[in-house]
Every structure is written in C-alpha cells, then in structure tokens.
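S.K.: here are the coordinates; sequence isn't available:
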Ligand code: ADP
C-alpha cells in the first residue's frame, strides 16, 4: 500500500475522521522508512509542518530521531519496531521533542504524550501504525512550576523549623514532615502514629486544650494552641500548633492541616519572666500590707487631733497604697494564670449583694462619682466570689478612670435566657471599634491622646476575661468613641 492508496479512501470519511482528529499521523509499517501516509490538521499545526512537506516522506526524514533529550527506548524508531513485533499499542506518556518555530526561527522546548496503535493488514501482521500525539508542554510547565513552589515552601518551612501535618478526619490517619518527629523528641526518620504523638502531649493539656481546640475548630474552621510535650528522654518542651479545617462540598469537615513549632526557648523565657513577676509581687505584698496597717493605726490615732490636713494626707496615702496593692494582686493573678495555678473556688452567692458591696467600697476610696445600681431581688450564682468581685471591681474602676469626674455610671444585673448578665455603662472617652476586640488581650491598652495621662498596665480586662471564660461565661463591650462604653459579662445561672 502506498500513500496514494490511503488518499483513495472515500474523502468524506477520511477528512472527517482522520484529518480533523486530534494530533494523528498514519505511517506505513515499512521499517526502516516508516513512510508517512496521512496527517491530521492538528498534527501539522503542532509540528509546524504542512501536508506537502511530509506526506510520502519517511518519518525520520521529517522528524529526525536524534533528540539527545530522549531516552533510547522512548525514541520513535524503537517504539515503532516494538509495535510491529508485539502488535500491541505502546504509549509514551511524557517525552521531550523540541520543535523549530518557523516564525521566530528558533527551536522551542516541547513535551509530548503519544500513543502508537498497530493496524493489522489482511495477513494479520502490522500494516500501519497510527501515531497520536498530544502537546503537553503547558501541563508539564505548570507541574514544574507547582513542584518548584512546593519545594520553595518546603525550604521555607524547614528554614523556620516548622513541621507540617495533615490529619484525615475520616480514618484518623496522619501524614507529616520529618521535622514533626524531632519536635516530639525522636529522630526525623521515626514513624510516629497519631496515638504516639498524643501520648507525648501532657495529659492535662490534651484534655483541656487539645480536645477543646479540636471541637471548636470543627465549628470555627481554624485553631491555634500551645501545649507541653514530654520527650522520651524525660525532658519537657512546648509546642505551638496552628491550622485549618478543610470541609467537603457538603460542609462536612474532612481534614485538618497545619504547622507545629517548637517554642520551648521562648516559653522558658516567659516562665522565667513570670516567676520573676510572681516573686517580686510576692515580696512587695508583705511590706505593703504593713504600710496599710500603719496608715490605719495612724488615722485612728490622729482622729482626736482633728487635723484635717494630716487625716486627708493619710487618706490619700491609703488610697495610693490600695491602688498599688490591687496592681500587685493583678500581677500575682497574671502569673498564676500563666502557670495554670489560677483555680476557681465556687460557692453560691447573691451577685446583687456583691455589686452593692463593691460600689460601697469604691465610694469610700474615690467619692464624687454617681454610680447608679437598680436591682430588685437577689440573683444567686455558683461562682468564685472573690474572682467575680475582681471583675465587677475592674469594670467599675475603669468606668471611673476613663470618664470625667461626676459623670454617671449605670450598673445593671439581670437574668436573661438562663444566664446572669451584668453591665457597667459609663459616659466616658469611649473605645473605637478597632480597639474593642483587642481590649481583652494581655497588656493591651488603647493608644490615644486621651489615654496619655491615665496610667495602667492593660491586665485588668485580660484577667477579667480569663476569669469569666473559666466560668464558661462571656465578656464583651459595646462602645461609641467619645460617647461612652458599656462592659458586659454573662454567667450561666445554676439549674434550679
Ligand atoms: P488598664 O486600665 O490598666 O490599662 P485594663 O485591662 O483594665 O487595663 O483595660 C485595658 C484598656 O481598655 C485600657 O487601657 C483602656 O484603653 C481600655 N478601657 C477599659 N475600660 C474602658 C472604659 N470604661 N472606657 C474606655 N476605655 C476603656
């Protein structure tokens, strides 16, 4: 059969099926020439050839099989011969064969995927080979770019000493980078199962932090937490893990993935700092208590003398000592909180009585503020009385601190939907929206002109929020800049 014979085929069928077919070339199985009998339009286009250029010519005359980039057994001659011998279709999924671009007169790198299908003649031997070619240059380049960016990402995570992991929520299987085993105290090559990893996390942290974060993450979509891990050699380390939850199209969480960082060094620094604060505060507490006692004795002794200057000075000194003592207690609570030693001692008490007591005390220390508190009946809650008193006192002293003398402060306490809700509203400097969500963070203070002369450390609201959260309550603020703020907390009421 010759090229002419093929052209003899009914034109309508040949043109429609073959010439329009993607990347097809028909060669005669006549080694070593492999005469080209027909080519589809797209084959001509992708190889930058014309029908006149190639029909009737030997395949290797047109497409020299001398590409150095190709492996020997991917080369067309090898493949064509193998098709003839085996009478099987042979595919080469990915090979490089550069094409000379006539327009720019330069050779361009191209990648191809091809299949070579034998067409048997009447004698049951291979008569033709149908060579179908697809240009996969773009896919290969995209894959290479993805690999490159993946390897760049891997380098970056390695440089940052981060471990990465991916947990399948359906079968609880985990895959992770070698760094993870190191972070958990084993050589990078160790295979750790999810159970091994969980075993090394401090048992309390596992229960209080990890599991809580896990269930919260299923709702919120992401999480971040810090926990202690115990290495097999007995040493204690700290890790911070941060990640996201991946959901399927039905919004069902299917995977969790993220990074883990060893934060032992910075945690040890933080612990040293906390220990220092705890120690210093503790040492300051004792002399301060005795100064307070002496001031009270002096006040009593001076009373008969009716020297208004002296008694006024002693009152003011007492006020400053109280401020200092509150601050020191704040620092002590902070360090207890950070080292996990802040424990709640719950009891049943009337919140309205507690609020009234706090107001009475504040009125003694800083008279001149109008604090309005309307309440009708006792509301009993089951909570740590001293800690809740601290929260109420922080709300009230802030309301005084951040508003003009003489302005009104309203405090309310109500039952609402199974909860107690307490609010403290002032007519003070207010808080901008951007600051509102950060107020409850440790050491956060608003930076503004109005704040310049008001001292503080930004730990009161942080402690208040930790106290309320530990009681499974909520804490929040509503405020308009320059108009005033209302701080709220809510606590679950005991089930009666
Ligand atoms: P401190 O008052 O010691 O700075 P807090 O934690 O009690 O610490 O408060 C944090 C910050 O929140 C304050 O520095 C202040 O910027 C802002 N703030 C708290 N209460 C009020 C309020 N009632 N009105 C306006 N700003 C407030």
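M.R.: Yep, that arrived. These numbers were taken from a predicted model, which means no experiment stands behind them.

S.K.: hey, let's count contacts and neighbours off CA atoms from now on
M.R.: Noted.

S.K.: next, the closest residue to residue 393 other than its chain neighbours: phi, psi?
M.R.: Excluding the flanking residues, the one nearest residue 393 by Cα to Cα, 6 or more residues apart in numbering is residue 358, at 6.3 Å. The phi/psi pair for residue 358 (degrees, to the nearest 10) reads phi -60, psi -40.

S.K.: any idea how many residues pack against residue 358?
M.R.: When counting by other Cα atoms under 10 Å, one arrives at 16 neighbours for residue 358.

S.K.: and it, what does it touch?
M.R.: Residue 358 sits next to 389, 392, 393 when contact means Cα atoms under 8 Å, 6 or more residues apart in numbering.

S.K.: tell me the pLDDT of it.
M.R.: What the model reports for residue 358 is a pLDDT of 94.

S.K.: ok, the one 5 residues further on next?
M.R.: Residue 363 is assigned a pLDDT of 85 by the prediction.

S.K.: tell me, how many residues neighbour the residue nearest to it when sequence neighbours are not counted?
M.R.: Using Cα to Cα, 6+ apart and skipping the chain neighbours, the partner closest in space to residue 363 is residue 369 (7.4 Å). Residue 369 has 17 neighbours, counted by other Cα under 10 Å.

S.K.: what of residue 221?
M.R.: Using other Cα under 10 Å: residue 221 sits among 16 other residues.

S.K.: next one: phi and psi at it?
M.R.: Torsion angles, degrees, to the nearest 10, at residue 221: phi 100, psi -10.

S.K.: just the element for residue 272, please.
M.R.: For residue 272, the host element (DSSP states H and E) is helix 264-302.

S.K.: what's that helix packed up against?
M.R.: Under the contact definition 3 or more Cα pairs under 8 Å, 6 or more residues apart in numbering; DSSP states H and E, helix 264-302 sits against strand 236-247, helix 308-338.

S.K.: need phi/psi at the residue nearest to residue 363.
M.R.: Dihedral angles (degrees, to the nearest 10) for residue 369: phi -110, psi 140.

S.K.: got it, and the one 4 residues further on?
M.R.: Its backbone dihedrals place residue 373 at phi -130, psi 110, with angles given as degrees, to the nearest 10.

S.K.: residue contacts, it?
M.R.: Contacts of residue 373 by Cα under 8 Å, 6+ apart are 356, 410, 411, 412.

S.K.: who does the helix or strand residue 475 falls within pair up with?
M.R.: Element membership for residue 475 (DSSP H and E) is strand 474-480. When pairing is defined by DSSP bridges, strand 474-480 lines up against strand 484-492 (antiparallel).

S.K.: any residue of the strand it pairs with touching the ligand?
M.R.: Yes: shown here: strand 484-492 in contact with the ligand (Cα under 6 Å from any ligand atom) through residue 485.

S.K.: give me the nearest residue to residue 344, chain neighbours excluded.
M.R.: Excluding its sequence neighbours, the residue lying closest to residue 344 (Cα to Cα, 6+ apart) is residue 384, at 5.6 Å.

S.K.: now swap in residue 359 and tell me
M.R.: Nearest non-adjacent residue to residue 359, counting by Cα to Cα, 6+ apart: residue 371, 7.4 Å away.

S.K.: wait, what's in contact with the one you found?
M.R.: By Cα under 8 Å, 6+ apart, the residues touching residue 371 are 359, 408, 409, 410, 411.

S.K.: what bridges to it?
M.R.: On DSSP bridges, the residues paired with residue 371 through beta bridges are residue 409.

S.K.: for the stretch 251-400 of the chain, give me the ranges with low pLDDT.
M.R.: Applying pLDDT under 70 to the stretch 251-400 of the chain picks out no residues at all.

S.K.: what's the burial count for residue 404?
M.R.: 14.

S.K.: three-state assignment of it?
M.R.: With DSSP: H, G, I helix; E, B strand; the rest coil as the basis, residue 404 sits in coil.

S.K.: that one and residue 426 touch, don't they?
M.R.: No: if you go by Cα atoms under 8 Å, residue 404 and residue 426 don't touch, sitting 9.6 Å apart.

S.K.: what residues are shared contacts of the two?
M.R.: Contacts common to residue 404 and residue 426, judged by Cα under 8 Å, 6+ apart, are absent.

S.K.: which secondary structure element is home to residue 103?
M.R.: Using DSSP H and E, residue 103 is not contained in any helix or strand.

S.K.: circling back to that earlier point, need the contacts of residue 373 in JSON lines (columns: secondary structure and distance to residue 330).
M.R.: Shown next, in JSON lines, are the contacts of residue 373 (DSSP: H, G, I helix; E, B strand; the rest coil; distance: Cα to Cα, whole Å):
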{"residue": "356", "secondary structure": "helix", "distance to residue 330": "22"}
{"residue": "410", "secondary structure": "strand", "distance to residue 330": "25"}
{"residue": "411", "secondary structure": "strand", "distance to residue 330": "23"}
{"residue": "412", "secondary structure": "strand", "distance to residue 330": "25"}
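
S.K.: buried subset of those as a ChimeraX selection?
M.R.: The ChimeraX selection below is limited to those of those classed as buried (16 or more other Cα atoms under 10 Å):
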select :410,411,412
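
S.K.: ok, which residues in the protein are in contact with the ligand?
M.R.: Counting by Cα under 6 Å from any ligand atom, the chain sits next to the ligand at 398-399, 402, 428-431, 439, 444-446, 456-462, 485.

S.K.: tell me the centre residue of the chain?
M.R.: For the chain, the residue nearest the mean C-alpha position is residue 243 (4.0 Å; Cα atoms, centre = their mean).

S.K.: is it true that that one touches residue 255?
M.R.: No: Residue 243 is beyond contact range of residue 255, at 10.4 Å (criterion: Cα under 8 Å).

S.K.: buried residues in stretch 320-340, which are they?
M.R.: In stretch 320-340, residues buried by neighbour count (16+ other Cα under 10 Å) are 321-322, 325, 327-337.

S.K.: give me the contact list for that stretch.
M.R.: The contact list for stretch 320-340 (Cα under 8 Å, 6+ apart) reads 271, 274-275, 277-278, 281-282, 284-285, 288, 291-292, 342, 459-460, 463.

S.K.: stretch 40-59 too?
M.R.: Here stretch 40-59 makes contact (Cα under 8 Å, 6+ apart) with 3, 18-25, 27, 33-39, 62, 99-102, 133, 135.
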